[in-house]
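Participant: With the sequence up front, the predicted model follows.
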2 protein chains.
Amino acid sequence: MNKISDRPTLIVDAMGGDYAPDEIVKGAVEGKELTGSDLVLVGSKNKIIDVLSKYCINTEGINIINSSDDISMDDSPSDVIKRKKNSSIYIGTDLAARTKKSAFISAGNTGAVMACSLFNMKRIESIQRPAIAVVIPLGESKFVLIDAGANVEVKPVYFKQFAVMGDIYCRELMGISNPRIGLLNVGTEKKKGSEIIIEAHDLLENANINFIGNVEGRDIFDSKADVVVCDGFIGNILLKAFEGMAKFFFKEIKNVLTSNFLTKLSALFLKKDLKLMKKKFDYEEYGGALLLGVDGLSIISHGSSRAKAIKSALKFAGDAMRSDILKKIKEEINK
Amino acid sequence: MNKISDRPTLIVDAMGGDYAPDEIVKGAVEGKELTGSDLVLVGSKNKIIDVLSKYCINTEGINIINSSDDISMDDSPSDVIKRKKNSSIYIGTDLAARTKKSAFISAGNTGAVMACSLFNMKRIESIQRPAIAVVIPLGESKFVLIDAGANVEVKPVYFKQFAVMGDIYCRELMGISNPRIGLLNVGTEKKKGSEIIIEAHDLLENANINFIGNVEGRDIFDSKADVVVCDGFIGNILLKAFEGMAKFFFKEIKNVLTSNFLTKLSALFLKKDLKLMKKKFDYEEYGGALLLGVDGLSIISHGSSRAKAIKSALKFAGDAMRSDILKKIKEEINK
């Protein structure tokens, strides 16, 4: 059994993600310094030590826990729990569950992170299904999308719980005192959508939140809602569509800026502002998605996270550890 | 009973949309000239005549059919069929059903257009549910999204029919000889998604189409598929999200271009290219969504269509009338 610390501890899956372990370890170390927490790196001890020495990293306050099972993107979540107990994700979530002030961060297999978090940290009492909350940047503004991919099959009551958790997320982690909660739907009228959605609408109307009713696909870009509630199927597709579309737009702008001599000249004048604009849409600035509803902090980073994104995820994890988000969910989920 | 013509006839709802009747009538007349078809304008005769004279329009080849019931965006589709048989949408779809070579075009209440089209034109035999097909512009490329909003509740077999209809749409109206059909899902693996989606995947694998498997939210911007198949709930939300996001991006770019003297100067050099880029994302260039699966051509235009969008819709309707799309659907739906 691994040691249990009393200090705030960031537990990082050093093996997860396209750029593991180098970028993960580098980002984790930078994030540790930013938050002043202890850092535990879980992964192949040899590989982690190689990275630490390669970049001449001071190892004070950094612990390494060895893992021996590899998880690929194709491993099924249930297989990981049954057969890969020596993987970085299993060990890391287990350690987080037994460490009082801690958060687990992984850019690895999302399904495995969710399953191991649920298995090891357990579900918060009364929560029917954990959900993924993710912040979508919208220029000066932003909103929380929940569920961004945990539940492809849903019941109406899940939406109510997603809404309550999204509300607490906004208040505790974004400093919004009275978040506007919207239900993603095909029209603004109460009776729009599938039977499940219509029933969810009724439940949200009677929940102890600032429910603003249905929001449509285009409304979410008008900053109408601080929290957009949806099922994990559409949430996952939307999240990836945002990413794809943003990438696509910036590619098109680049084409415009390189089309001839004058546009190339213009590009020089616009460089700074366009870079700022791009930053406003950059998931790497936001760090990661939070799995809400488990009795612990589990943060899922983008599979293609580099050091910068991991650093942001640790900063975010530090904020989450300092917040009362878990306590509030336990208090408010049955109100 | 209204007369039945032998000539190709475009039947336009002059009362539907935010800018009716002026912009609709103007666009319809321009579209008529482009396609060389006859034009029937359905709506308040007095109002239509006012518009025609206001803009000094030559009325040759233009027929007006009076309607007396108004349809608002709040009217329920079933109410329109039961109680508003003198509305432009009911009369127009009824006339289209009885006119051999015809298409109906409306920028009005989408639910009412779908319901009246289905009621008057009837469903093509073997088609379980009509679906909305819409072309999403992607810079140089584009793809067909089906279903973009007709069915919020679905069964696996619908997806197969959507795919077959989308395939025919691509071949007949976009000149793509072997369209790549993708199923919108949360992952590329066969067993991803809800039970309905997994079953739909099996059906698509065995359909007589070029099925490329699941496509994720970000794949659709990489031009991986020519047809993206999904349920009408997510299709509607995605379609509106594309629109909202495109609008949002161009607003952000405008902010960048007007932030200081040098960026304003750059804007002058970029004006032409940016305008071209914007045009590539402009739904007004594409005209409208086609309701597939009814035994007739029914085209749903955006509620905020102006003359240009209506003109594009009529051009598209002309192409659809000249194509074999209905015949092909009837032939291939049971293959």
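Facilitator: That came through, no problem.
Participant: which stretches of the stretch 1-150 of chain A have low pLDDT?
Facilitator: Applying pLDDT under 70 to the stretch 1-150 of chain A flags the ranges A:1-5.
Participant: Which one of the residues in it is closest to chain B?
Facilitator: Among the residues of the stretch 1-150 of chain A, residue A:139 lies nearest to chain B; the distance is 5.6 Å by Cβ to the nearest Cβ. In this view, the C-beta of every residue, glycine as well, is placed from N, C-alpha and C.
Participant: so where do the helices sit in the stretch 51-200 of chain A?
Facilitator: Counting by DSSP state H, counting those that start in this stretch, the stretch 51-200 of chain A has these helices, from start to end: A:77-83, A:88-97, A:110-121, A:156-173, A:195-205.
Participant: and among these, the most buried is which?
Facilitator: Scoring the helices of the stretch 51-200 of chain A by mean neighbour count under mean count of other Cβ atoms under 10 Å in any protein chain shown gives helix A:88-97 as the most buried, with a mean of 27.
Participant: now the angle between helix A:110-121 and it, please.
Facilitator: Computed with axes from the mean of the first three to the mean of the last three Cα atoms, to 10 degrees, the direction of helix A:88-97 lies at 30 degrees from that of helix A:110-121.
Participant: ok, and the closest non-adjacent residue to the residue of the stretch 1-150 of chain A closest to chain B?
Facilitator: residue A:280 (5.0 Å; Cβ to Cβ, 6 or more residues apart in numbering or on different chains).
Participant: what sits against that neighbour?
Facilitator: Taking Cβ atoms under 8 Å, 6 or more residues apart in numbering or on different chains, we find residue A:280 in contact with A:137-140, B:252.
Participant: which residues of the stretch 1-150 of chain A fall in strands?
Facilitator: Shown for the stretch 1-150 of chain A, the strands assigned by DSSP state E, counting those that start in this stretch span residues A:9-13, A:38-43, A:62-66, A:102-106, A:131-138, A:141-146.
Participant: ignore the last one, the stretch 151-300 of chain A
Facilitator: Secondary structure of the stretch 151-300 of chain A by DSSP E, counting those that start in this stretch: the strands cover A:180-184, A:210-215, A:227-229, A:289-292, A:298-300.
Participant: Between the ones you listed, which one is closest to chain B.
Facilitator: Put simply, out of the strands of the stretch 151-300 of chain A the one that sits nearest chain B is strand A:180-184, at 6.2 Å, with distance taken as Cβ to the nearest Cβ.
Participant: low pLDDT regions in the stretch 151-300 of chain A?
Facilitator: Within the stretch 151-300 of chain A, the stretches with pLDDT under 70 are A:283-284.
Participant: Which residue lies nearest the spatial centre of chain A?
Facilitator: A centroid search over chain A (Cα atoms, centre = their mean) returns residue A:289, at 0.5 Å, as the residue closest to the centre.
Participant: Once you drop chain neighbours, what's closest to it?
Facilitator: residue A:134 is the one closest to residue A:289 (Cβ to Cβ, 6+ apart), at 4.0 Å.
Participant: Run a quick neighbour tally on the nearest residue to residue A:246 once chain neighbours are set aside.
Facilitator: Among residues not flanking residue A:246 along the chain, residue A:281 sits closest, at 4.8 Å (Cβ to Cβ, 6+ apart). Residues contacting residue A:281 under the criterion other Cβ atoms under 10 Å in any protein chain shown number 21.
Participant: now swap in residue A:239 and tell me
Facilitator: Other residues within reach of residue A:239, judged by other Cβ under 10 Å, total 24.
Participant: need the contact list for the nearest residue to it once chain neighbours are set aside.
Facilitator: Beyond its immediate neighbours in the sequence, the residue positioned closest to residue A:239 (Cβ to Cβ, 6+ apart) is residue A:148, lying 5.0 Å away. Residues in contact with residue A:148 (Cβ under 8 Å, 6+ apart) are A:131-134, A:232, A:235-236, A:238-239, A:289.
Participant: Kindly report the same for residue A:189.
Facilitator: A:214, B:74.
Participant: Buried ones in stretch A:180-188, by neighbour count?
Facilitator: Of all the residues in stretch A:180-188, those buried under the rule 16 or more other Cβ atoms under 10 Å in any protein chain shown are A:180-187.
Participant: out of these, what pair is the most spread apart?
Facilitator: Comparing every pair within the buried residues of stretch A:180-188 by Cβ to Cβ identifies A:180 and A:186 as the most remote, at 19.4 Å.
Participant: Does residue A:269 touch residue B:268 like I think?
Facilitator: No: Residue A:269 is beyond contact range of residue B:268, at 11.0 Å (criterion: Cβ atoms under 8 Å).
Participant: Which of these two has more residues huddled nearby?
Facilitator: Applying other Cβ under 10 Å to residue A:269 and residue B:268 shows that residue A:269 carries more neighbours, namely 19 against 11.
Participant: Now for the closest residue to residue A:320 other than its chain neighbours, how many residues are close by?
Facilitator: Spatially, and ignoring its direct neighbours in sequence, residue A:320 is nearest to residue A:297 (5.1 Å; Cβ to Cβ, 6+ apart). For residue A:297, the number of neighbouring residues by other Cβ under 10 Å comes to 25.
Participant: OK, contacts around residue A:297?
Facilitator: Under the criterion of Cβ under 8 Å, 6+ apart, the neighbours of residue A:297 are A:96, A:102-104, A:290, A:317, A:320-321, A:325-326.
Participant: re earlier: redo the strands of the stretch 151-300 of chain A as JSON lines? Include distance to residue B:9.
Facilitator: Listed next are these as JSON lines, based on distance: least, Cβ to Cβ, whole Å:
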{"stretch": "strand A:180-184", "distance to residue B:9": "40"}
{"stretch": "strand A:210-215", "distance to residue B:9": "38"}
{"stretch": "strand A:227-229", "distance to residue B:9": "44"}
{"stretch": "strand A:289-292", "distance to residue B:9": "53"}
{"stretch": "strand A:298-300", "distance to residue B:9": "56"}
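Participant: that older thread, which of the contacts of residue A:297 has the most neighbours?
Facilitator: Per-residue neighbour counts (other Cβ under 10 Å) across the contacts of residue A:297 peak at residue A:104, which has 34 neighbours.
Participant: what bridges to it?
Facilitator: Beta-bridge partners of residue A:104, counted by DSSP bridges, are residue A:11, residue A:298.
Participant: what's it in contact with, if anything?
Facilitator: Per Cβ under 8 Å, 6+ apart, neighbours of residue A:104: A:11-13, A:92-93, A:95-96, A:113, A:117, A:296-299.
Participant: List just the nearest of the residues you listed to residue A:311.
Facilitator: Of all the contacts of residue A:104, the one with the least separation from residue A:311 (Cβ to Cβ) is residue A:12, at 10.8 Å.
Participant: give me the number of residues near the closest one?
Facilitator: When neighbours are defined as other Cβ under 10 Å, residue A:12 has 34 of them.
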